[in-house]
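[1] One predicted model, sequence on top.
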Amino acid sequence: MTTVHQIIVKEKKMTTSKWFRVLGWRHIVALFSIAFALFPLVWMTSASFDQLGLVSAQKLIPDNIGLDNYRKIFNNPEAPYFMWYRNAVLISLANALLQMAIGAFASYALSRFRFKGRKTTLLTILVVQMFPQLLSVTALFLLLAEINESIPTLSFGSPLALIIIFAGGALGVNAWILKGFFDTIPTEIDESAKVDGASHAQIFFKIILPLALPALAVIVLLSFIGTMNEFVLTSVIMGVTGDPNDLTLAVGLQRFIDGQYDQQWGPFAAGALLAAIPVMLLFLFLQKYVVSGLTAGATKG
Amino acid sequence: MLKWTHKSPWILLKIFLLGALNSFTLWAVPILISNGSYVFAGYFIFATVVIDYVFLSKKRVAGKYIIPGVLLLIAFTIYPALFTGYIAFTNYSTGHILNKETAIEVLISNSYQSATEDSAYPARVAKDDLTGEYVFIVQRPNGEITVARKESSATLPRSDITLAEDGTIASATGFKLLTEDEIFEVSDVLSDLSLQAGNDEFFKLVDVGIVERLIKTLEYNAEQDIITNTQTGDVYRPNDRGSMVSDSGEELEPGWQSTVGLYNFQRVIEDERYRKPMVQVLTWTFIFAFLVVLTTFFAGFLLALTLNHPKLKAKKIYRSILIVPYAMPGVLSMLTWRGMYNEDNGIINRIIGSELPWLSDPTLAKAAVLITQLWAGTPYMFLICTGAIQALSSEVLEAAQVDGASPSKIFWKIKLPLVLYSLTPLLIASYAYNFSNFNAIFLLTGGGPQIVESGGIAGHTDILISYTYRLAFTAGKGNDYGLASAVSFLNFAIIAIISVYGFRKSKSVENM
């Protein structure tokens, strides 16, 4: 890659001032930005090991380092952290896989079949993806209130209800991206398979899906992170029962810390750090795929 | 002949899943119908029939792949969106939840009052041997024994009962008296029971062995559709907003659900209590989304330019670390930032050596929201700008270089416009996203500090979606689903306009 900069810095030897003008300031900007980017994480880590646990007295390197906050977060019956963690991971995982499956199935049909109503479906998806379910939160609440009268097990406090509702948004968000990806897989491949006697299901499961694996991974990862971060619907659907065991990390930690930053700061930091680390590692490992998914039009949400 | 092939397990699975779906529908639909949920019952039947048809037919191949997703989309995205539109035209709110019939029943049964000051009598709960219905056998102060039933009351001859030593009834001919344990078992049924005491009066069970004599103060006349207060003679008539109102303007609670036309929108426009906060919230929503996109884009773009130097060896490590805020779950980072803004010696105040009330001063709270979004949103912009810069054609830049363009000219006249152009669809999407970025507001400031005139429902940092949430779920005076939906409706409309604009833009890019 030849850019402007290469032309500028073609000279062999660099004096210190020259180095600073060309590269040094870039390091300074980068380090400054990194400090800003990492600061909350560092502060959270420090708070989680500070046995004092007060937001107002916390130091960067605490006076009395210990694991008290971690013990507290795991032994508080009013804030069942482990249940929140379990709920969040299970709901997010189930949702991510379901989102991927629904999106992949639908995109296969939209990409490979010409059927009546295809144009209408595509157009509907395009329109619907403009309206996040978040905006219908009041309607979804009232819808569940009505279901609650007939089928209480599939209503407030039910992870299944939450997952099904999220699944209702799958087509709008994912089908468009996946269809774009499926369209790039040459149809000649499935046509030759068809000649060899493969059924539509075999073509889908044995040819298209393996080829689309990177795109599917992005959908799973982004859906997983998106669900871990989802607050509104989870809070409304899982939060109205009043049972702290129903909550997820996002809603549980928010209610735990809300209004009592000074008392619960330490345990909160411990809980938040334990929740953030796996997600961040997952993200950093799959960075390359995520970035390609993002630029394809998906936003964090 | 049926033969076991490699396909058989899949066929069995299909039959099993279809069977499960059909049984569930057969089980759920009668319950839904008995509760009056006709729309849901209808949709269940429709969805099941469609799925059965598509999966049992040999022809509908595309349908097999797309129908489940479409049915879910209709149920949980399209229907709720349309339903939001409908609720916006109703008075659905705390105090207007029930239908008219139930609301009037509740009004009447809430209007029971003790008939006199001393109206609690000893009584036994019993079951009629013949009909099996629950009755109260009441000992009136004058020694009369009354059997109170749902439809009538009668006096029981003394000879039909025997008294225990403490003076309570020990047995009654023709009735089976309930023991205390039995009463507790059916206490749900009994506590709702009001039985005839004669003379338009009623008995209600207030404790084991004690009933209270009550009179109805409200009476409903179904023909004229009015409620009369039997004590004062006041007449209440239904108004067009789902309430019974007297001539003097007194409203009976609860009211019922009804469509109210444009009332919710009218309130937002005409009612001072809603208009002022609404205008403020709407203005801030536009400004917030715009400033977030502007600041994060420039920060991300400049950072991308800075790090995009071939001799900068550490740039890969820098990039990985710089996207950490993006990888951190937003809910957690927002809550962490909230702690850092703590007024009382929080870390941000300590660093800048001040005692700024970050979250309780309107202007500072807005600044806090923007600073936090700068932190949270820059990595995304940095990523997409890096991509766009790397895709810039090097010939254009070299040509400008050869022609003697200054670095600032190259920046303003070439790099910025080209990157902006290629990223326009993503920037518009980002604007639409931030327009309803609930977490950024609600988890950091909770929408606060409050706008005093709004009665505590709206805050200075509230955007439309967090305002909607507060109206619907956390408002002190009760939940106003109708008004919340009207605000949601507005939010829908604005996002739709932004998205259509963005879609046009991305189309034009594709066509290049």
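    Alright, I've got the coordinates. Everything numeric here is computed off the predicted structure, so don't read it as measured data.

[2] what about the closest residue to residue A:129 other than its chain neighbours, neighbour count?
    Among residues not flanking residue A:129 along the chain, residue A:172 sits closest, at 4.1 Å (Cβ to Cβ, 6 or more residues apart in numbering or on different chains). From N, CA and C alone the C-beta is placed, and that goes for glycine too. Other residues near residue A:172 come to 23 when the count uses other Cβ atoms under 10 Å in any protein chain shown.

[3] Which residues are in contact with residue A:172?
    Neighbour list for residue A:172: A:125, A:128-129, A:131, B:73, B:77 [criterion: Cβ atoms under 8 Å, 6 or more residues apart in numbering or on different chains].

[4] repeat that with 10 Å
    When the contact criterion is Cβ atoms under 10 Å, 6 or more residues apart in numbering or on different chains, the partners of residue A:172 are A:103, A:124-133, B:69, B:73, B:77-78.

[5] least confident pick among these?
    Of all these, the model is least confident about residue A:130, whose pLDDT is 72.

[6] Can you point out the helix or strand that includes that one?
    Per DSSP states H and E: residue A:130 is located in neither a helix nor a strand.

[7] The nearest residue to it once chain neighbours are set aside: which element?
    Of all residues beyond its chain neighbours, the one nearest residue A:130 is residue B:499 (3.9 Å), with distances taken as Cβ to Cβ, 6+ apart. Residue B:499 is part of helix B:481-510, with elements assigned from DSSP H and E.

[8] Just the buried ones from the contacts of residue A:172, in ChimeraX syntax?
    Only the buried members of the contacts of residue A:172 end up in this ChimeraX selection, burial being decided by 16 or more other Cβ atoms under 10 Å in any protein chain shown:
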select /A:103,124,125,128,129,130,131,132,133 /B:69,73,77,78
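
[9] What is the longest helix of chain A by residue count?
    Ranked by residue count, the top helix of chain A under DSSP state H comes out as helix A:81-112.

[10] For residue B:105, list the residues it contacts.
    Applying Cβ under 10 Å, 6+ apart, the residues near residue B:105 are B:98-99, B:220.

[11] Cross those residues against helices and list the overlap.
    Among the contacts of residue B:105, no member falls in helices (DSSP H).

[12] If you go by neighbour count, which of these are buried?
    Among those, those scoring as buried are B:98, B:220 (criterion: 16+ other Cβ under 10 Å).

[13] can the contacts of residue B:105 go into TSV with extra columns for distance to residue B:170 and pLDDT?
    Converted to TSV, the contacts of residue B:105 look like this (distance: Cβ to Cβ, whole Å; pLDDT from 0 to 100):
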residue	distance to residue B:170	pLDDT
B:98	43	79
B:99	45	80
B:220	40	81
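
[14] closest to residue B:306 among the contacts of residue B:105?
    Distance from residue B:306 was checked for each of the contacts of residue B:105 by Cβ to Cβ. The minimum falls on residue B:98, at 62.3 Å.

[15] next SSE after the longest helix of chain A?
    The element immediately downstream of helix A:81-112 (helix or strand, assigned by DSSP H and E) is helix A:118-128.

[16] Would that next one count as contacting chain B?
    Yes - figure legend: helix A:118-128 in contact with chain B (Cβ under 10 Å from any Cβ of the partner chain); contacting residues A:118, A:121, A:124-128.

[17] Just say helix, strand or coil for the residue of the stretch 51-200 of chain B found nearest chain A.
    Distances from the stretch 51-200 of chain B to chain A, computed as Cβ to the nearest Cβ, single out residue B:76 as the nearest residue at 2.4 Å. The assignment at residue B:76 comes out as helix when based on DSSP: H, G, I helix; E, B strand; the rest coil.

[18] And the one 4 residues further on, by the same measure?
    On the three-state scheme (three-state DSSP), residue B:80 is labelled helix.

[19] Report the contact partners of residue 86.
    Here I'm looking at chain A. Contact analysis of residue A:86 by Cβ under 10 Å, 6+ apart lists A:80, A:245, A:248-249.

[20] should've been chain B
    Applying Cβ under 10 Å, 6+ apart as the definition, the contact partners of residue B:86 turn out to be A:139, B:92, B:259, B:485, B:489.

[21] what's the answer for residue B:212, then?
    When contacts are counted by Cβ under 10 Å, 6+ apart, residue B:212 touches B:112-115, B:119-121, B:123, B:194, B:197, B:202-206.

[22] So it, which state does it fall into?
    Looking at residue B:212 with three-state DSSP, the answer is strand.

[23] What average pLDDT does stretch A:33-51 get?
    In this model, stretch A:33-51 has an average pLDDT of 87.

[24] That stretch near chain B anywhere?
    Yes - for a cut-off given as Cβ under 10 Å from any Cβ, stretch A:33-51 has contacts with chain B, namely A:33-34, A:36-41, A:43-44, A:46-47.

[25] Restricting to C-alpha, output that stretch in CSV.
    Output of stretch A:33-51 as CSV, limited to C-alpha atoms (Å, rounded to 0.1, in the frame of the first residue of the first chain):
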residue,chain,number,x,y,z
SER,A,33,-6.7,7.5,23.8
ILE,A,34,-5.9,4.2,25.3
ALA,A,35,-5.8,5.7,28.8
PHE,A,36,-9.3,7.2,28.2
ALA,A,37,-10.5,3.9,26.7
LEU,A,38,-9.3,1.7,29.5
PHE,A,39,-9.9,4.0,32.4
PRO,A,40,-13.4,2.7,33.4
LEU,A,41,-12.2,-0.9,33.2
VAL,A,42,-9.1,-0.2,35.3
TRP,A,43,-11.2,1.7,37.8
MET,A,44,-13.7,-1.1,37.9
THR,A,45,-11.0,-3.7,38.5
SER,A,46,-9.4,-1.6,41.3
ALA,A,47,-12.8,-1.1,42.9
SER,A,48,-13.5,-4.8,42.8
PHE,A,49,-10.4,-5.6,45.0
ASP,A,50,-10.9,-2.7,47.4
GLN,A,51,-12.3,-4.2,50.6
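
[26] so which helix or strand takes in the closest residue to chain A within the stretch 151-300 of chain B?
    Shortest the stretch 151-300 of chain B-to-chain A distance, computed as Cβ to the nearest Cβ: residue-wise this is residue B:299, at 8.3 Å. Element membership for residue B:299, per DSSP H and E: helix B:272-307.

[27] Sheet-wise, list the partners of the longest strand along chain B with their directions.
    Longest strand in chain B by number of residues (criterion: DSSP state E): strand B:120-128. Sheet pairing of strand B:120-128 (DSSP bridges) gives strand B:134-139 (antiparallel), strand B:175-177 (antiparallel), strand B:210-216 (antiparallel).

[28] Of the ones you listed, which stretch is the most buried?
    Among the strands paired with strand B:120-128, judged by mean count of other Cβ atoms under 10 Å in any protein chain shown, the one packed with the most neighbours on average is strand B:134-139 (a mean of 22).

[29] How about stretch B:409-426, which residues are buried there?
    Buried positions in stretch B:409-426, judged by neighbour count with 16+ other Cβ under 10 Å: B:410, B:414-415, B:418-419, B:422-423, B:425-426.

[30] Quick one: mean pLDDT over it.
    Throughout stretch B:409-426, pLDDT has a mean value of 84.

[31] quick one: that stretch to chain centroid distance?
    Computed by Cα atoms, centre = their mean, to the nearest Å, the separation of stretch B:409-426 from the middle of its chain amounts to 41 Å.
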